[in-house]
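[1] Can you look at this prediction? I've put the sequence above it.
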Amino acid sequence: MADPARILLPFDDEFLNIPETGEVLYIRPPAFLPSEFSDFPHIVCEQGFKPFADRLTLDNITVVPQASGEFAMVLLALTRSRAENMANFARACRMVAKDGHVVVSGDKTDGIDSMLKKVKKIFEIDGVLSKSHGKVFWLKPTGPAPEEWEAALASSLNAFGYVTAPGMFSPEKIDVGSEMLTRYFDKSIKGAAADLGAGWGYLSRNVLEKCERITSLDLYEAEYAALEAAKLNVTDERAHFHWVDATTLDKPAEPYHTVICNPPFHQGRAAEPAIGVSFIATAARIMKPSGQFLMVANRQLPYESAMETYFKNWEILEQDKAFKIIRARRPLKRQG
Ligand SMILES: C[S@@+](CC[C@H](N)C(=O)[O-])C[C@H]1O[C@@H](n2cnc3c(N)ncnc32)[C@H](O)[C@@H]1O
């Protein structure tokens with residue numbers, strides 16, 4: 001959501017009052033809440049993306065990965081996933097107390113207009129305001145939203161036999177780059193291993209199936225729902241699951257022999273190679289000097305200088321028009 005203050009417009013313009021009693025739930029808030037949120041005496045944030053959840057927690061805000069129960073008011077910020085947005089709207093209607101308001105804010109590019117159109121067919125809207133290439137609208141739901149809105153986000157088996165849901169990385173088909181990386185899962189992979197940004201578990205399941213000499217595999221993933229799906233997809237008892245911002249990992253007592261990774265390359269809409277660079281730095285920090293880091297990346301992303309910074313040896317094992325596979329060894333000491 002480009003403008004975190006937009007959701008407060010109906011309060012600023014006195015169309016809505018902050019509930020005096022009962023909790024207010026805010027679904028998918030940004031990492032930083034505008035200071036005016038301190039006027040909300042009891043706010044609970046539902047944020048499944050761990051870096052944002054960590055940031056909100058630093059500001060002493062109560063954060064849960066998945067909310068349940070009843071709330072005096074529910075605020076909802078849209079994400080890029082239309083299915084997630086409709087499902088969250090339906091959940092907001094289900095969780096708001098009788099006569100409580102649901103307030104929705106989103107950018108045009110996140111589909112606020114088409115959502116408003118759909119909602120108007122079911123409920124009476126109490127108000128709409130526009131700001132910063134987006135809208136905020138609010139209503140008192142008079143009943144549940146259509147069942148299929150929430151059902152659209154339910155996990156299901158994809159054509160390749162993995163449990164996934166809309167909104168996750170490549171839910172319907174295996175990412176071509178990830179598949180390319182699995183060709184390098186061989187006998188050289190052993191001992192303790194880690195998967196940075198494990199998603200719903202494609203690389204992890206694959207590496208465990210192919211590499212018997214792995215003794216444990218830590219899956220690190222920031223999106224709560226994706227990690228929950230990974231738990232269903234990766235049932236090997238060597239796997240351990242962590243809802244975490246991988247870029248914050250400390251050097252473990254027992255560093256990893258192998259780190260595998262298809263790093264994220266955007267947050268929101270913009271491509272941000274800086275996130276991939278943080279993943280490379282993390283891999284160097286958490287692995288043994290004798291270990292290896294195996295990564296796939298979009299070919300045009302400039303990770304070579306980061307490899308130079310964080311590893312003594314690295315090579316491009318393969319590249320095609322779209323992807324490159326990089327193997328790095330001997331992390332540089334200054335990263336430890
Ligand atoms: C390109 S996807 C790869 C997913 C999976 N490994 C695969 O190959 O199908 C990158 C993953 O990193 C996750 N991610 C993004 N930021 C993260 C962070 N700071 N810490 C951990 N995971 C993160 C995303 O949610 C996404 O699942």
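    Okay, I see it.

[2] all contacts plus neighbour counts: C-alpha atoms, from now on.
    Fine.

[3] what does the stretch 101-250 of the chain put close to the ligand?
    Selection of the stretch 101-250 of the chain residues close to the ligand by C-alpha under 6 Å from any ligand atom yields 169, 178, 197-199, 202-203, 220-223, 244-247.

[4] again, 8 Å this time
    Taking C-alpha under 8 Å from any ligand atom, the part of the stretch 101-250 of the chain that reaches the ligand is made up of 168-170, 174-175, 177-179, 195-204, 220-223, 226, 243-248.

[5] which other helices and strands contact the longest strand seen in the chain?
    Using DSSP state E, we find that the single longest strand of the chain is strand 287-298. Using 3 or more C-alpha pairs under 8 Å, 6 or more residues apart in numbering; DSSP states H and E, the elements in contact with strand 287-298 are helix 176-182, strand 256-261, strand 323-331.

[6] sorry, back to before: which of the residues of the stretch 101-250 of the chain next to the ligand are buried?
    Buried positions within these, assessed by neighbour count (16 or more other C-alpha atoms under 10 Å), are 168-169, 174, 177-178, 195-204, 220-223, 226, 243-247.

[7] Tell me which of these fall in strands.
    Per DSSP E, the subset of these in strands is 195-196, 220-221, 243.

[8] And those, which is closest to residue 153?
    For these, the minimum distance to residue 153 (C-alpha to C-alpha) is 19.1 Å, reached by residue 221.

[9] Would you map the helices across the stretch 151-300 of the chain?
    With helices called from DSSP state H, counting those that start in this stretch, the stretch 151-300 of the chain shows them at 176-182, 202-210, 224-233, 273-286.

[10] Against the ligand, how distant is residue 278?
    9 Å (C-alpha to the nearest ligand atom, to the nearest Å).

[11] quick one: contacts for that residue?
    Going by C-alpha atoms under 8 Å, 6 or more residues apart in numbering, residue 278 touches residue 247.

[12] quick check: mean pLDDT across the helix or strand harbouring residue 114?
    Taking DSSP states H and E as the criterion, residue 114 maps to helix 112-120. In this model, helix 112-120 carries a mean pLDDT of 98.

[13] Identify the residues contacting that helix?
    Residues from elsewhere that reach helix 112-120, judged by C-alpha under 8 Å, 6+ apart: 78, 86, 105-106, 134-135, 137.

[14] Save the helices of the stretch 151-300 of the chain as a markdown table, and put in mean pLDDT too.
    Shown next, in a markdown table, are the helices of the stretch 151-300 of the chain (pLDDT from 0 to 100):
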| stretch | mean pLDDT |
| --- | --- |
| helix 176-182 | 98 |
| helix 202-210 | 98 |
| helix 224-233 | 98 |
| helix 273-286 | 94 |
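
[15] Now tabulate those in a markdown table and tack on distance to residue 154.
    Below are the helices of the stretch 151-300 of the chain laid out as a markdown table (distance: least, C-alpha to C-alpha, whole Å):
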| stretch | distance to residue 154 |
| --- | --- |
| helix 176-182 | 24 |
| helix 202-210 | 19 |
| helix 224-233 | 10 |
| helix 273-286 | 29 |
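
[16] hmm, back to that, is the longest strand of the chain positioned near the ligand?
    No. Contact between strand 287-298 and the ligand is absent, the nearest approach being 8.5 Å (criterion: C-alpha under 8 Å from any ligand atom).

[17] can you pull the buried residues of that strand?
    Across strand 287-298, burial judged by 16+ other C-alpha under 10 Å covers 287-289, 291-298.

[18] again with stretch 140-156
    Buried residues in stretch 140-156, counting neighbours by 16+ other C-alpha under 10 Å, are found at 140-141, 145, 149-150, 152-153, 155-156.

[19] Pick out the residue in the stretch 1-150 of the chain sitting closest to the ligand.
    Nearest residue of the stretch 1-150 of the chain to the ligand: residue 51, at 5.9 Å (C-alpha to the nearest ligand atom).

[20] can you list the residues that contact whichever helix or strand that residue is part of?
    For residue 51, the element it lies in under DSSP H and E is helix 50-58. With contacts defined as C-alpha under 8 Å, 6+ apart, helix 50-58 is touched by 30-33, 47, 62-64, 222-224, 243-245.
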